[in-house]
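*Asks:* I would like the atomic coordinates for the input below:
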Amino acid sequence: MSFLDLPTPMPTSELQRLPSTVHLNPYCRFDLNVVRLHEGLDLYHWRGRFEKAFELQLMEDTHRLFFNFPLAKESHYLFHDPRGAVGWLREDGGSIIYGPGVLGRVRHEGDLHSLTLAFRLDFFFDCVGHMDPDLRAALARGMVWETGYGTRALQLATHSLAASFSAPHHEDSAFPHLRLKLLAQSLMVIAVLLEERTLRIPAAARQNPPEILTRLLQAREVLLEDLGSPPDLAALAKRFDLSPAALNAGFKRTFGQTARALHQRERMREARRMLSGEASASVMAVAVRMGYSNASHFAAAFRKQFGVNPRHARSGDDLMLDA
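*Replies:* Residues are numbered from 1 along each chain as shown. Next up, the predicted model:
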């Protein structure tokens, strides 16, 4: 029986036992290479092509802390925590995930190229030393779900690690220092991500009790799940046991903007990405995908955010903007 036929979710510990090349069906194939860099750290390198959407059910049984870095097509995850559904989240940047016992589905379509670093917690603590109290508290509670890390420095570090992993190395004896190089580069990637994490959360936000900060970070992820629909802030606040006023005050303190303003900013950034990266997408088509039925209203919102009309995104005029 193949893992595709399993009646129950596949334990994540079984991933290491998969063959290096996996043919799921005529439309789905990927290569998986796993290197144990240390007793407390494994490096996974995924690469493949999914001509049709594919979903795999997983159950996290390794108790490891995962850092995921997609290098090609974005991935979609739906995880269900016994304490409540987390929901679909796009991993279009580096992510930090920890959830022993969590059940979920991973969905891929198109090109797949990503890296995963799986840390045993004691080794991670030894490597990091001093840790942000909110992250340590979230790990102690058994649930960390943070996505969207992707500064230029992090992208360069992850692509450099992928290049070293992809280089022909065959047997370890022929390249005795490769494992050491991969370990050093992996730790550098984590250092860059944690530095970005520190900068992403303002110092004032760290005055929040860890439990409140965790709720706000999770609320931010849920808020940005659907950029094509107006956010229901009352429902969002209720989901995380906050009043609407406390939610907005927390967002302002933690992320520098109210929840609605943050949603609108990311909505326009996504529209800009579509316009500059999808040659076949018309301005009206992007407007509709972002929830606008009126192209003029969309253009006005785009100008307010970036200072240029949407059509200028075609020529790359807005690429230097960081609004």
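*Asks:* let's see the strand or helix carrying Ala140 as CSV, backbone CA atoms only.
*Replies:* For Ala140, the host element (DSSP states H and E) is helix 133-141. C-alpha atoms of helix 133-141 as CSV (Å, rounded to 0.1, in the frame of the first residue of the first chain):
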residue,chain,number,x,y,z
PRO,A,133,9.7,35.8,25.1
ASP,A,134,6.7,35.7,22.8
LEU,A,135,8.2,33.0,20.6
ARG,A,136,9.3,30.9,23.6
ALA,A,137,5.8,31.3,25.1
ALA,A,138,4.2,30.2,21.8
LEU,A,139,6.5,27.1,21.7
ALA,A,140,5.6,26.3,25.3
ARG,A,141,1.9,26.4,24.4
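*Asks:* now that helix: buried residues?
*Replies:* Using 16 or more other C-beta atoms under 10 Å as the test for burial, helix 133-141 gives 134-135, 137-139. The way it works is simple: take the backbone N, C-alpha and C, and place the C-beta from them, glycine included.
*Asks:* turn these into TSV, columns for distance to Asp31.
*Replies:* Below are the buried residues of helix 133-141 laid out as TSV (distance: C-beta to C-beta, whole Å):
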residue	distance to Asp31
Asp134	37
Leu135	32
Ala137	38
Ala138	33
Leu139	31
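*Asks:* between those residues, which sits nearest Asp42?
*Replies:* Using C-beta to C-beta, Leu139 comes nearest to Asp42 of the buried residues of helix 133-141, at 18.1 Å.
*Asks:* that closest one touches Leu121, doesn't it?
*Replies:* Yes. The criterion here is C-beta atoms under 8 Å, and Leu139 meets it with Leu121 at 6.7 Å.
*Asks:* anything in contact with each of these two?
*Replies:* Taking C-beta atoms under 8 Å, 6 or more residues apart in numbering as the contact rule, Leu139 and Leu121 both touch Leu65.
*Asks:* can you pull out the helices in the stretch 1-150 of the chain?
*Replies:* 121-128, 133-141 (DSSP state H, counting those that start in this stretch).
*Asks:* pull out the buried residues from the shortest one.
*Replies:* This points to helix 121-128. Buried, per 16+ other C-beta under 10 Å, within helix 121-128: 123-124, 128.
*Asks:* can you put those residues in JSON lines and add pLDDT and distance to Arg215?
*Replies:* Formatted as JSON lines, the buried residues of helix 121-128 follow (pLDDT from 0 to 100; distance: C-beta to C-beta, whole Å):
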{"residue": "Phe123", "pLDDT": "95", "distance to Arg215": "28"}
{"residue": "Phe124", "pLDDT": "96", "distance to Arg215": "23"}
{"residue": "Val128", "pLDDT": "90", "distance to Arg215": "23"}
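*Asks:* nearest to Leu112 among these?
*Replies:* Closest to Leu112, out of all of the buried residues of helix 121-128 and judged by C-beta to C-beta, is Phe124, at 25.7 Å.
*Asks:* name the nearest residue to the closest one, sequence neighbours excluded.
*Replies:* Excluding its sequence neighbours, the residue lying closest to Phe124 (C-beta to C-beta, 6 or more residues apart in numbering) is Leu65, at 5.5 Å.
*Asks:* now the helix holding Ala140 against helix 121-128, angle please.
*Replies:* Note on geometry: by axes from the mean of the first three to the mean of the last three C-alpha atoms, to 10 degrees, helix 133-141 and helix 121-128 are set 170 degrees apart in direction.
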